[in-house]
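Undergrad: the sequence isn't on hand, but the structure is:
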């Protein structure tokens, strides 16, 4: 079993940066892939970025260049660095885990955190 706890959200101004953190406990961290997803009121949950157990990454095309996902296996932590934030980035951001391979499809993920709110004005 895997537990995920997100942190680092907050209220910021357009153009600011934030780094979200996902602390992971439970199963073997190094064999897991992770994804960051976001959901705003009235909308579905979108895959933002994903990183495989081998470090390969994939991003939502519209976010390439602004968001960066990374992982630190020693610290059992996954990060999402967000730069040049825009009001449309406002959403609840979730960290999720699945075996081995990256994916931006939420239905493929087994474990989810509770989310951290990002508000950009």
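TA: In hand now; what should we look at? These numbers come from a predicted model, not from an experiment. Numbering: from 1, shown residues only.
Undergrad: spatially central residue for the chain, please.
TA: Centre of the chain computed as the mean C-alpha position; nearest residue by CA atoms, centre = their mean is residue 36, 2.2 Å away.
Undergrad: part of a helix, is that residue?
TA: No - going by DSSP: H, G, I helix; E, B strand; the rest coil, the assignment for residue 36 is strand, not a helix.
Undergrad: identify the bridge partners of it.
TA: residue 49, residue 95 (DSSP bridges).
Undergrad: in this structure it contacts residue 92, no?
TA: No - at 11.2 Å, residue 36 does not count as touching residue 92 under the criterion of CB atoms under 8 Å. Heads up, the C-betas are built off the backbone N, CA and C, glycines and all.
Undergrad: that older thread, so what's the residue nearest to the centre of the chain scoring on pLDDT?
TA: Here, the pLDDT recorded for residue 36 equals 98.
Undergrad: that one: what's it in contact with?
TA: When contacts are counted by CB atoms under 8 Å, 6 or more residues apart in numbering, residue 36 is found next to 20, 22, 47-50, 67, 69, 78, 80, 93-96.
Undergrad: give me that answer again for 10 Å
TA: Contact analysis of residue 36 by CB atoms under 10 Å, 6 or more residues apart in numbering lists 6, 20, 22, 46-51, 59-60, 63, 67, 69, 78-80, 82, 93-96, 104, 113.
Undergrad: pull up the gap between it and residue 73, please.
TA: According to CB to CB, to the nearest Å, residue 36 stands 17 Å off from residue 73.
Undergrad: repeat that for residue 115.
TA: To residue 73, residue 115 is 23 Å away according to CB to CB.
Undergrad: looking at these two, which is more packed in?
TA: Higher neighbour count among residue 115 and residue 73: residue 115, with 17 against 14, using other CB atoms under 10 Å.
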